[in-house]
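Participant: structure of the sequence below:
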Amino acid sequence: MTTYTMRTLAAALLCLVLCWDQLNAQCPDPATLKGPDGGKVCARMFKDSHYIYAQSCGGDSFDVAPGADIPSMPYSWNNRVSSLVVARFCSLSVWSRAKKEGKRWKFGAGVQYRLKEVPMGFFGNWDDEISSYYCEC
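Facilitator: Numbers count the residues shown, from 1 in each chain. The predicted structure is shown next:
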């Protein structure tokens, strides 16, 4: 093997190792996000996340309908969302307190494997902090 071939092979292997978590993730694809009945879903929230992306979007999930405007999350979901997926052409606005008060963040279409990676001010993050939301498509 030539030096060029060895370097190319090493670079491809390194890319595979570094990208494996995203390639192997169990989070649904935002472009094909559908409800159990096959209907449109604006977003899906999950109780579990993990430092390994392939293990995020686990546990219980909660589907958000297009146009859902919820000032207070149900008790079993309040401050328990750790990862989420927003469907293509949609956005999800969330607040840290009920009645759309407190800190606010807007997620565009895509996968957020770990809400711990989304800053909330200088010293916090959005893991287990969502108390109200509005989803639009």
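
Participant: now the closest residue to Asp48 other than its chain neighbours: which helix or strand?
Facilitator: What sits nearest to Asp48 in space, not counting adjacent residues and going by Cβ to Cβ, 6 or more residues apart in numbering, is Gly59, at 3.6 Å. (Each C-beta comes from the backbone N, C-alpha and C, glycine too.) Assigned by DSSP states H and E, Gly59 falls within strand 58-64.

Participant: so which elements touch that strand?
Facilitator: strand 43-48 (3 or more Cβ pairs under 8 Å, 6 or more residues apart in numbering; DSSP states H and E).

Participant: paired strands for the strand it packs on, with orientation please.
Facilitator: Taking DSSP bridges as the criterion, strand 43-48 forms sheet pairs with strand 58-64 (antiparallel), strand 83-86 (antiparallel).

Participant: what's the spacing between it and its chain's center?
Facilitator: How far strand 43-48 lies from its chain's middle: 7 Å, per Cα atoms, centre = their mean, to the nearest Å.

Participant: returning to what we had before: of the strands paired with strand 43-48, flag the one that's most buried.
Facilitator: Mean neighbour count (mean count of other Cβ atoms under 10 Å) peaks for strand 83-86 among the strands paired with strand 43-48, with a mean of 26.
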